[in-house]
Every structure is written in C-alpha cells, then in structure tokens.
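J.: please find the sequence and the predicted model below.
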Amino acid sequence: MGLDAIRKVANVLLIEAEEKSDDDAWIGVDLDGTLAEYDKWRGATHIGDPIPKMANRIRRWVGRRKKVKIFTARADDERSVNAIKKWLKDNELPDLEITNLKDEHMTELWDDKAIAVQKNTGEVKEAQDPHMIAWARQLIASLNDGGIWGIPDTGQVFQFNHRDKVIQLIEGPANDAQGWTPRLKELFATLGYRLLTHRGEDDEMTVIEAIVQRAIGENYGEPLPPRAYQGDDDAELEVAARQPFTAHELAVSRNKHHPKLWQRVKGSPFENDYRRRFNVRESVQVVLDSILHEAPQFKTLKAHQVKLSEQERGQAGESPIKKSVVNGESWYWSNTHRCYQAHSTMKAALTAYRDIVEPSG
C-alpha cells in the first residue's frame, strides 16, 4: 500500500473517530515558528510568511469540522490579535479564535518548542503523525497472526506475530533508501509492537521442510490444475506482474488465477495464500527440486557469463538471452533494470523472458 492510500485510510478512521468526539474539543496551533515563519522578534504586528504544510493541515482540520485555535503569547496584545486576524484572511486561512489559555477541551498542541511526555510518567515520548498512528492501528487489527504485509515502494515484506507483538522482516532489504524503516520502527513501538529487520540462521532441512509445507499445505497428492483466468491481458496485469506483492494483490482483487501473476508470486511469501485461493498445488518432488535448484544471484551470473553457442543463438532468436556457467552448470538468463530471470534450459529462459522480464522493462 502506497503512502497516498495509507493516508486515505487514516483519514476515514479519523473522521469516524471525530463523530464520537467531544463537541468542545479543540486543537491549539502555535503561531511563530509553527504556522508562520519566525527568525527574531520584529514587532507586535509583524508576522512571517505562512508555513504551507501547517497551513494546509489546518485547512483539512477545519474542512472536517474540527475546531482549531491559534495558541500564542500574542493573544494579550490587541494590536497583535488584529494583525493575526488580518494575516489569516490575507493568506486564505479560516477565521480562527486566538487564545493563550488551555482548558480541559484542548486535545492537541502543535508547537515548535513543546516536548511531548507520556501521561502521568514524566517520560518523553516521540511525536507521531496521528494519521500514521491511525493507519498502524488499522493494519494491526486487519491482519491475523502470521499475516503478511508488503511494502511495494521498498520491496520489504513483513509477517505479524501478535502473541509476541513482533513484526518480522521475511523478504527484502533491512533498510530502505527512503528512510522509512526506522520511522516505522518508532511508529509501531508507540503501539507496543517491535518491527525487526534481522533474520536468524536456521537449519537447512528445517527451512526446506517449512517451505514445502507452505507451498503445498497438507495435500501431498498429484498436481491439480489452477482455475482458468478469463480476463484479457492489460496494462494493469503487466504492471502487477513485476512484483510478488502486487501480483498477489491483483489476483485476489480479481479473484482469478493468471499464469503471469502466478509465476511472479511463486517462491515469495505470498505463494501459500495464492495456492490456497486458486487451487494451485504441486508434488513434493517438484517443490523440492525448485528449492534445491535455486538460480545463482544476478551478480554471480554476470561474473560468469559466457558466449552462446551457434545452436543456442538460433534458439534464442532475437530474445536477449544470456548464458553463464556456475559451478559447472549452465544457466540461461535475461534481465531489465527491474528484474532478472535465470533457468537451466533455454526453453524456460525464453518463456520467462516473454512472460516476466520483457513486461517489466
């Protein structure tokens, strides 16, 4: 789920909460340094330029019928109050009450100098965006124990353990380039959950057995054909097939199996759910062969690349299939800047290029 979608969900949750809130509740917003730019005192009637992010936040609050007040030490000076009223109007902000008094109905105070403390403890707490807190609560409530949560923007996949209040990284990088991982750790910590990005070492056979169980469940019979996909190939399908998370999401939303989506989901944490939903099963031997015959990493393939033979070039045709020999075994592969696919046969490599690699370019 992208950040825009997260905020839409969070806004709905906040609106629902507001319907049950105190009619007299209000949010205090400091003026200098919070709503208006401030460098030094320049007189009672001077106010800096509005800070766009805070100004837009106030407009959203008022649009949702929240009561907002300017909370400033200038409230005792009539000249300052008149200047603030004019400044609000000039900058197309609502006509807000101006005060310097707190009461029992004030629910939040936004101030560049305030430090938040945990109630009745004196302990300092990290400030969190209430939109994100609402979203995190919704996410925790919506996933069962063992539930999977993926972040397409970072390539990370997490699994929830509600009993121990742990959110464990099971796929993807420990840290992301956007810097969201540490912020998510702080966010979930406010709700009592630990977001862990390290993965411990496991016995090899235990891992194999776990993956086999995940892939085929309790049914060790012969492969069963998946339900056929009836829709047309389209741009949405091509985009979704680039990542396991988005491929799984599209199949679930359409409630239909598609070979391209299945090939992208296969081998990911979403595989078990996909198999269960769409009746996709394979024999134990097929699964074990897939696990124990895992393709080398992309950098290894590049380091051991060799030329295709004349016969292989004929088989590849115009497809950009490359060949590498790793530990005496031949691998045929193709790639774009978004993904790569490697297989032990030219035929499989050509299929993967057509169905997975080329659409991702």
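T.: Nice, thanks for sending it over.
J.: Leu196: what's it in contact with?
T.: Applying CB atoms under 8 Å, 6 or more residues apart in numbering to Leu196 gives the contacts 166-169. C-betas here are computed from N, CA, C, even on glycine.
J.: oh, that last question was meant for Phe298, not what I typed.
T.: Taking CB under 8 Å, 6+ apart as the criterion, Phe298 is in contact with 335, 340.
J.: which ones are touching Tyr340?
T.: Contacts of Tyr340 by CB under 8 Å, 6+ apart are 298, 301, 333-334, 357.
J.: so which of those belong to helices?
T.: Counting by DSSP state H, those place 298, 301 in helices.
J.: what subset of the contacts of Tyr340 is buried?
T.: Neighbour-count burial (16 or more other CB atoms under 10 Å) is assigned, among the contacts of Tyr340, to 301, 333-334, 357.
J.: sorry, back to before: select from the contacts of Leu196 the one having the most neighbours.
T.: Ranked by the number of neighbours (other CB atoms under 10 Å), the contacts of Leu196 place Ile167 first, at 24 neighbours.
J.: pLDDT score assigned to the residue positioned nearest the centre of the chain?
T.: The chain has Ile151 as the residue nearest its centroid, 2.9 Å off, counting by CA atoms, centre = their mean. Model confidence at Ile151, expressed as pLDDT, equals 77.
J.: quick one, strands of the stretch 101-250 of the chain?
T.: For the stretch 101-250 of the chain, applying DSSP state E, counting those that start in this stretch gives strands covering 106-110, 148-151, 156-161, 166-171, 194-196.
J.: can you put these in CSV and add distance to Gly28?
T.: As requested, the strands of the stretch 101-250 of the chain are arranged in CSV below (distance: least, CB to CB, whole Å):
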stretch, distance to Gly28
strand 106-110, 4
strand 148-151, 34
strand 156-161, 36
strand 166-171, 33
strand 194-196, 32
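J.: about what we covered before: possible to save the contacts of Leu196 as JSON lines with distance to Glu329?
T.: Output for the contacts of Leu196, formatted as JSON lines (distance: CB to CB, whole Å):
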{"residue": "Val166", "distance to Glu329": "39"}
{"residue": "Ile167", "distance to Glu329": "38"}
{"residue": "Gln168", "distance to Glu329": "33"}
{"residue": "Leu169", "distance to Glu329": "31"}
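J.: of these, closest to Phe71?
T.: Lowest distance from Phe71 to the contacts of Leu196 (CB to CB) belongs to Ile167, with 36.2 Å.
J.: mind listing what's buried in stretch 66-74?
T.: Buried positions in stretch 66-74, judged by neighbour count with 16+ other CB under 10 Å: 66-72, 74.
J.: Gly146 touches Gln159, doesn't it?
T.: Yes - using CB atoms under 8 Å, Gly146 is in contact with Gln159, at 6.4 Å.
J.: okay, these two: which has more neighbours?
T.: Using other CB under 10 Å, the more surrounded residue of Gly146 and Gln159 is Gln159, with 17 against 10.
J.: which residues does the more buried one contact?
T.: Going by CB under 8 Å, 6+ apart, the list of residues near Gln159 reads 146-149, 167-168, 170, 269.
J.: can you name the two of the residues you listed that are farthest apart?
T.: Ile167 and Pro269 (13.3 Å).
J.: and Val68, what are its bridge partners?
T.: For Val68, the beta-bridge partners under DSSP bridges are Ile27.
J.: now do it against Leu88, distance only.
T.: Counting by CB to CB, to the nearest Å, the gap from Val68 to Leu88 is 11 Å.
J.: what touches both of the two?
T.: Taking CB under 8 Å, 6+ apart as the criterion, Val68 and Leu88 both touch 94, 96.
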